[in-house]
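[1] from the sequence below, what's the structure:
(one chain, ligands or ions: 1)
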Amino acid sequence: MADTPFPCSRTRIKICGLTREADVDAAVAAGADALGFVLWPGSKRAVDEARLAELSARVPAFVTRVGLFVDQEPALIERCARHLDLLQFHGDEAPAFCAGFSRPWIKALRMREGLDLHAAAEAYRGAGALLLDAYRPGVPGGTGETFDWSRIPENLAKAVILAGGLRSENVADAIATVHPFAVDVSGGVEAAPGRKDAERLEAFIAAVRGADAGRG
Ligand SMILES: O=C(O)c1ccccc1N[C@@H]1O[C@H](COP(=O)(O)O)[C@@H](O)[C@H]1O
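    Predicted structure coming up:
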């Protein structure tokens, strides 16, 4: 097992951007640990509050329901929280804002040049983890792009959820390089935006499990 502050023999897997019942069922059946629902209306994968309630009701116990928000209204976030286990803040939310709700939270950081991850880990010390995503100007996330994984220090004081352009073909390399606590995928398991592909989902989860088995 890697010598990191958050060693884990089983990399947790979050499947994000679910919009359909069949995809929720497929992700649960394939063994996902967490399911993400995008509440930001600018996304091609957006669901509204009513749809969130329907989809989250299908999720069995011990699978974490995560709501993704981008600089949104506190009242909306708190209403959605009723159907969620964890909040994912994917915009420019300040630490105090993220901490102001009735659920635990994680903070997404886009890996723009010059980002000091140690400073961010200290600033967002109330987060359950930091989710690291690719940076593309003007786009808050879900770009399907990777970033230079070697920029992630091994001794970060927060658990890392690695995101950004992951797919079954590159996730084993990503795990070997970063030793993340969890991986997060959206576009890499889709047939089209918001429509997951059961075969790609299964291949992704098998690739993660294969990488875990190879770590010894
Ligand atoms: O999925 C979206 O549309 C989205 C919109 C705004 C912010 C984040 C979004 N998605 C998240 O981005 C990462 C990486 O996604 P991908 O695997 O590269 O497609 C992941 O956390 C998505 O949930």
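[2] list the contacts of the closest residue to residue 184 other than its chain neighbours.
    Leaving aside its sequence neighbours, residue 184 sits nearest to residue 163 (Cβ to Cβ, 6 or more residues apart in numbering; 3.9 Å). To be clear about C-beta, it is placed using only N, CA and C from the backbone, and glycine gets the same treatment. Contact analysis of residue 163 by Cβ atoms under 8 Å, 6 or more residues apart in numbering lists 16, 108, 131-134, 141, 183-186.
[3] now those as TSV including distance to the ligand?
    Formatted as TSV, the contacts of residue 163 follow (distance: Cβ to the nearest ligand atom, whole Å):
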residue	distance to the ligand
16	3
108	6
131	6
132	9
133	5
134	7
141	2
183	9
184	4
185	5
186	4
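[4] please check those residues and keep the buried ones.
    Buried members of the contacts of residue 163, counted by 16 or more other Cβ atoms under 10 Å: 16, 108, 131-134, 141, 183-186.
[5] so which of those sit within helices?
    Judged by DSSP state H, those include no members of helices.
[6] of the contacts of residue 163, which belong to strands?
    The strands, defined by DSSP state E, take in 108, 131-133, 183-185 from those.
[7] so which residues of this structure form helices?
    With DSSP H as the criterion, the chain has helices at 21-30, 49-56, 74-81, 95-98, 117-123, 171-178, 198-215.
[8] need these in JSON lines with mean pLDDT, can you?
    Output for the helices of the chain, formatted as JSON lines (pLDDT from 0 to 100):
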{"stretch": "helix 21-30", "mean pLDDT": "97"}
{"stretch": "helix 49-56", "mean pLDDT": "98"}
{"stretch": "helix 74-81", "mean pLDDT": "98"}
{"stretch": "helix 95-98", "mean pLDDT": "98"}
{"stretch": "helix 117-123", "mean pLDDT": "98"}
{"stretch": "helix 171-178", "mean pLDDT": "97"}
{"stretch": "helix 198-215", "mean pLDDT": "95"}
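[9] for residue 158, find the nearest of those helices.
    Across the helices of the chain, residue 158 has its closest neighbour in helix 117-123 (4.3 Å, Cβ to Cβ).
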